[in-house]
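Trainee: What follows is a predicted protein model with its sequence.
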Amino acid sequence: MSETSRSVLVTGADTFWGARILRALEGDPAIEMLLGLATSAAATTFERARLLYVEPTFSALRSVVRTSQVDTVIHPCMIVDSVHASGNEIHETNVIATMNLLAAAGTSGSSVRHLVVKSSSLVYGSTKQDPATFCEETPRADVPRTDLERSLIEAEGLVDDFAQDNPSATVVLLRVSDVLGAHIATPITKNLSRPVCPCVGGFDPLVQFVHEHDVVRAVTLATRHRLTGTYNVAGPGRLPWSEVTTICGSRRLPLPPVRPGLAVAPLARLGIFDFPPELDALLRYGRGMDTSRLVAAGFEYRYTSEGAVHAFARHLRLARSARASLSAGTAPPQRPRSHGTPAPGRRRGPDHEP
């Protein structure tokens, strides 16, 4: 193992990813100080991590970096779901807050020597001109069409600038595919949890997923091994959207291929569907990502893309059975000790929270 991070600062301790990454790093005895930044009360309790409640302004973040003298900063809390966030909120979180963090980490005399940033496969987009799989250097085929995509691309540009301006620091950017898991809520997981989910009429794209546990494991590996560069994070393999919906027990409702967002808007307002513009593009053309670079760096996926779908489907069946049992006044079934289709060459074993 290369030089180990001794003092780590994680942004977004009050968010889904920040909290889980903090919990995972608490078990690393090599980390002597573990700090989490939050702007509101965190829903998760921590054993070792100390929370700091500060606004993501440059002056506040610079003060934290200078006072704590952390050597590693992990930034996993950019918005990747535009359903419940306005364009201004997306820009403030993904661009302004990231810019302030990087400026604070790059000030003269800064102790930061390693930066880990979680981005999204949304930077690649989804078009009919796309290659079968995106490598880390593959450019997107068209200009970004949504506020969310533009903000992520701009944030990645800020990370690139930081790397060039701070050659003594190692910088790693993780582009994470669409995530499935028992705990995460995204437009895709919410749609698949319903009896009926949307599709775009005439399209059945190949899609790729990554299990939420593998995302946390990828971030912690990048931190512990001080990886540098850009890495795709996605379960190996792809499968048709029609197969995904069948596995999850949800029937597809075809939307008109011309402006489907307009047709589904009344259902979205009622909470029946989640259909942001990024999902429209994905359900037309799909997206595939090459995962070999992260594997070559020593990462072993516990779930293939198909395995993540099956694991999520098992969670859905358990949840539906539990609701049915509660309605009938009987005890819900017990959660099985193992689930998921392991990645090729990996033995099946119990699934543990990272």
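Mentor: Sure thing, it's come through.

Trainee: quick one, what contacts Gly249?
Mentor: By Cβ atoms under 8 Å, 6 or more residues apart in numbering, the residues touching Gly249 are Ala313, Leu316, Arg317, Arg320. Heads up, the C-betas are built off the backbone N, CA and C, glycines and all.

Trainee: which element is the second one on?
Mentor: Okay, so that is Leu316. If you go by DSSP states H and E, Leu316 is part of helix 305-328.

Trainee: May I see the buried residues of that helix?
Mentor: 305-316, 318 (16 or more other Cβ atoms under 10 Å).

Trainee: again with stretch 140-150
Mentor: For stretch 140-150, by 16+ other Cβ under 10 Å, it's Arg140, Pro144, Thr146, Asp147, Leu148, Glu149, Arg150.

Trainee: any chance of the buried residues of helix 305-328 in a markdown table, plus distance to Arg48?
Mentor: Formatted as a markdown table, the buried residues of helix 305-328 follow (distance: Cβ to Cβ, whole Å):
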| residue | distance to Arg48 |
| --- | --- |
| Ser305 | 33 |
| Glu306 | 36 |
| Gly307 | 31 |
| Ala308 | 29 |
| Val309 | 34 |
| His310 | 34 |
| Ala311 | 29 |
| Phe312 | 30 |
| Ala313 | 35 |
| Arg314 | 32 |
| His315 | 29 |
| Leu316 | 34 |
| Leu318 | 31 |
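
Trainee: now the helix holding Leu316: mean pLDDT?
Mentor: Looking at helix 305-328 alone, the average pLDDT works out to 92.

Trainee: For the stretch 201-350 of the chain, give me the ranges with low pLDDT.
Mentor: Counting by pLDDT under 70, the ranges of the stretch 201-350 of the chain that qualify are 330-350.

Trainee: quick one, what contacts Val64?
Mentor: Leu9, Leu35, Leu37, Leu52, Val54, Ala104.

Trainee: 6 Å - rerun?
Mentor: Residues near Val64 by Cβ atoms under 6 Å, 6 or more residues apart in numbering: none.

Trainee: What about His225, how many residues nearby?
Mentor: Per other Cβ atoms under 10 Å, the neighbour tally for His225 reads 18.

Trainee: Next, it: phi, psi?
Mentor: phi -100, psi 0 (degrees, to the nearest 10).

Trainee: try Tyr53
Mentor: According to degrees, to the nearest 10, Tyr53 has phi -100, psi 100.

Trainee: I'd guessed it sits against Ser40; true?
Mentor: No: counting by Cβ atoms under 6 Å, Tyr53 does not reach Ser40; the two are 7.8 Å apart.

Trainee: for the stretch 251-354 of the chain, what spans make up the strands?
Mentor: 251-255 (DSSP state E, counting those that start in this stretch).

Trainee: ok, Tyr53 and Ser40, which is more surrounded?
Mentor: The neighbour comparison of Tyr53 against Ser40 (other Cβ under 10 Å) goes to Tyr53, with 14 against 9.

Trainee: check contacts around that one.
Mentor: Shown in contact with Tyr53 (Cβ under 6 Å, 6+ apart): Ala38.

Trainee: What of Ala49?
Mentor: Counting by Cβ under 6 Å, 6+ apart, the residues that Ala49 touches are Leu22, Glu26, Leu34, Gly36.

Trainee: Apply 8 Å and report the result again.
Mentor: Val10, Ala13, Leu22, Arg23, Leu25, Glu26, Leu34, Leu35, Gly36.

Trainee: before we move on, what about Gly106?
Mentor: Gly106 neighbours (Cβ under 8 Å, 6+ apart): Val112, Phe162, Asp165, Asn166, Ala169.

Trainee: can you rerun that using 10 Å?
Mentor: Residues near Gly106 by Cβ atoms under 10 Å, 6 or more residues apart in numbering: Arg62, Val65, Val112, Leu115, Asp161, Phe162, Ala163, Asp165, Asn166, Ala169.

Trainee: tally of neighbours for Thr107?
Mentor: 13.

Trainee: from memory it sits against Asn100, does it?
Mentor: No: applying Cβ atoms under 10 Å, one finds Thr107 not in contact with Asn100, separated by 11.2 Å.

Trainee: Could you dump the contacts of Gly249 into a markdown table with distance to Pro276 added?
Mentor: A markdown table is the format used below for the contacts of Gly249 (distance: Cβ to Cβ, whole Å):
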| residue | distance to Pro276 |
| --- | --- |
| Ala313 | 23 |
| Leu316 | 21 |
| Arg317 | 27 |
| Arg320 | 25 |
